[in-house]
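Asker: Using only what follows, build the 3D model:
(2 chains)
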Amino acid sequence: MASLPQLIEEDVSEINRALQDLLLKSDAIMALLIDKGGFLITQCGDYNPFDTVTLAALSAASFAATQGIAGLVNEINFSSVYQQGESYSILVLNVDEYSLLTVVFKARISAGAVKYFADTTMREIATQLKVAQERDPDTGLDLSMLNMADPSAVFTKKKKRVA
Amino acid sequence: MAIINQATKELQVKIVYYGPALGGKTTNLVQVHDHVQTTAGNKGKLVSLATSSDRTLFFDFLPIEAVAIKGFKTKFQLYTVPGQVIYNTTRQLVLRGVDGLVFVADSQYDKMEENVKSFSNLEENLKALNLNLRDIPYILQYNKRDLPSAAPLEYMEFLLNNREVQVPSFQACANKCDGVFETLNMITRLLLHKFINESSRKAA
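Answerer: Here you go, the predicted structure:
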């Protein structure tokens, strides 16, 4: 599976601008850009009441499952997943090879309208990701100073309380 | 593959626990969730997409954040796959974008065939995603060592770790949290080691 390019501040701010624009035009509540492996890349809107990390993981899984279903009926163009609820609806759209766009909006708003505005957003995001992909890959993460001989554990168990 | 976000200084990594049905994959995640030492707010909720009888249907998911490494927030996403043979398509979906693997083997004698089949299934599923086990850090966990019917360690090593390059293996009793953190820390270290090697190779 192809991997998402490394993102720098310029990429993220350009993607955030596109997401904000989508929220403004569609009146949606929040928009998330997620990696197809389930990672949350960036988020915009009123996301505080939601567990967006889990939402990202489940959106990616749901989209992947839908692609699996598409394969079973010989369909190659299941490019989105839409769920309508009582209060909120959710739309997951395929941005490109690496990423998905998840939009949460009030159930009274038409999914068609959100999809219409999201079309431009997806194109803008895909363009920015392409820019990131073509950028010099050597400007990556430098972990060379990390001391692997350090025996301390990354994760530790909670100490048992003594009564 | 791992996400590196220079803007937010985040490194996100996906670790998948793989293995035969009822081997203890979900128990590993439950124990990490219950016992991990975290500062407030950086341990996510454990999400289980399971059947009414608590068998994993799609996956279990636990996001946790480790200490900052070189200024980067390192976020780990732990997944399990459903072990039952019929859920193979689901296992493939969960493997998408995997960075590291923990193979949880059941130590009971009568589960050896299932262990071996599950391991071969892992290799096949990775192949279907154009991935190769040789390129992905992975370790073995021999779970349920406390059961009287547990096979000798050497036998399990012979069956599952008998390759050109042997990988680290750990004994565990996941239901008592024994060996769970040792396993998680080792796969974490292997992953970070891989990132270091890759970043220094790019810099060279």
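Asker: From the centroid of chain A, which residue is nearest?
Answerer: A:I34 (1.3 Å; Cα atoms, centre = their mean).
Asker: can you tell me which residues contact the spatially closest residue to it that is not a sequence neighbour?
Answerer: Nearest residue to A:I34, sequence neighbours excluded (Cβ to Cβ, 6 or more residues apart in numbering or on different chains): A:A56, at 4.2 Å. C-beta here means a position set from N, CA and C on the backbone, and glycine is covered the same way. Listed by Cβ atoms under 8 Å, 6 or more residues apart in numbering or on different chains, the contact set of A:A56 reads A:L32, A:I34, A:G38, A:F39, A:L40, A:T102.
Asker: wait, which of those is closest to chain B?
Answerer: Here the nearest of the contacts of A:A56 to chain B, counting by Cβ to the nearest Cβ, is A:F39; it sits at 4.5 Å.
Asker: and the closest one, how many neighbours?
Answerer: A:F39 sits with 26 neighbouring residues when counted by other Cβ atoms under 10 Å in any protein chain shown.
Asker: B:I3 is in contact with that one, correct?
Answerer: Yes: using Cβ atoms under 8 Å as the test, A:F39 is close enough to B:I3 to be in contact (4.6 Å).
Asker: anything in contact with each of the two?
Answerer: Counting by Cβ under 8 Å, 6+ apart, the contacts common to A:F39 and B:I3 are A:L4, B:Q12.
Asker: Now the helix or strand hosting B:S120: buried residues?
Answerer: Using DSSP states H and E, B:S120 sits within helix B:112-128. Using 16 or more other Cβ atoms under 10 Å in any protein chain shown as the burial criterion, the residues of helix B:112-128 that qualify are B:M112, B:E114, B:N115, B:S118, B:F119, B:N121, B:L122, B:N125, B:L126.
Asker: ok, so of those residues, who is nearest A:L72?
Answerer: Proximity of the buried residues of helix B:112-128 to A:L72, judged by Cβ to Cβ, is greatest for B:N125, which lies at 17.5 Å.
Asker: pretty sure that closest one contacts B:T90?
Answerer: No: here B:N125 lies out of contact with B:T90, judged by Cβ under 8 Å, at a distance of 10.4 Å.
Asker: now, the most widely separated pair of the contacts of A:A56?
Answerer: With Cβ to Cβ as the measure, no two of those lie farther apart than A:F39 and A:T102, at 12.3 Å.
Asker: And A:A31, how close does it get to A:S89?
Answerer: 13 Å (Cβ to Cβ, to the nearest Å).
Asker: More neighbours: these two, which one.
Answerer: Neighbours were counted for A:A31 and for A:S89 using other Cβ under 10 Å; A:A31 has more, 28 against 21.
Asker: before we move on, what SS does the more buried one have?
Answerer: strand (DSSP: H, G, I helix; E, B strand; the rest coil).
Asker: Name the helix or strand of chain A that has the lowest mean pLDDT.
Answerer: helix A:52-72 (a mean of 89; mean pLDDT, DSSP states H and E).
Asker: related to what we said a few turns ago, pLDDT averaged over the helix holding B:S120 - what is it?
Answerer: pLDDT averaged over helix B:112-128 equals 96, rounded to a whole number.
Asker: Tell me the pLDDT of whichever residue of chain B sits closest to chain A.
Answerer: Chain B approaches chain A most closely through B:G97 (2.1 Å), counting by Cβ to the nearest Cβ. At B:G97, the pLDDT value in this model is 88.
Asker: since we're on the closest residue to chain B within chain A, how many residues are nearby?
Answerer: Of chain A, the residue with the smallest distance to chain B, taken as Cβ to the nearest Cβ, is A:G37 at 2.1 Å. Applying the criterion other Cβ under 10 Å, we find 29 residues in the vicinity of A:G37.
Asker: And the helices in chain B, which stretches?
Answerer: Across chain B, reading from the start of the chain, the helices by DSSP state H fall at B:25-35, B:88-95, B:112-128, B:153-160, B:180-203.
Asker: Which stretch among those approaches A:I8 most closely?
Answerer: In this view, the helices of chain B are compared for proximity to A:I8 by Cβ to Cβ, and helix B:180-203 is the closest at 15.3 Å.
Asker: by how many degrees do the closest one and helix B:25-35 diverge?
Answerer: If you take axes from the mean of the first three to the mean of the last three Cα atoms, to 10 degrees, helix B:180-203 sits at 90 degrees to helix B:25-35.
Asker: For helix B:180-203, buried residues please.
Answerer: B:180-181, B:183-192, B:194-196, B:199.
Asker: For it, what does the pLDDT average out to?
Answerer: For helix B:180-203, the mean per-residue pLDDT is 81.
Asker: Stretch A:13-20 too?
Answerer: Mean pLDDT, taken over the full extent of stretch A:13-20, equals 96.
Asker: Please list the residues outside it that contact it.
Answerer: The set of residues that contact stretch A:13-20 without belonging to it, under Cβ under 8 Å, 6+ apart, is A:7, A:31, A:33, A:41-45, A:121, A:124-125, A:128, B:7.
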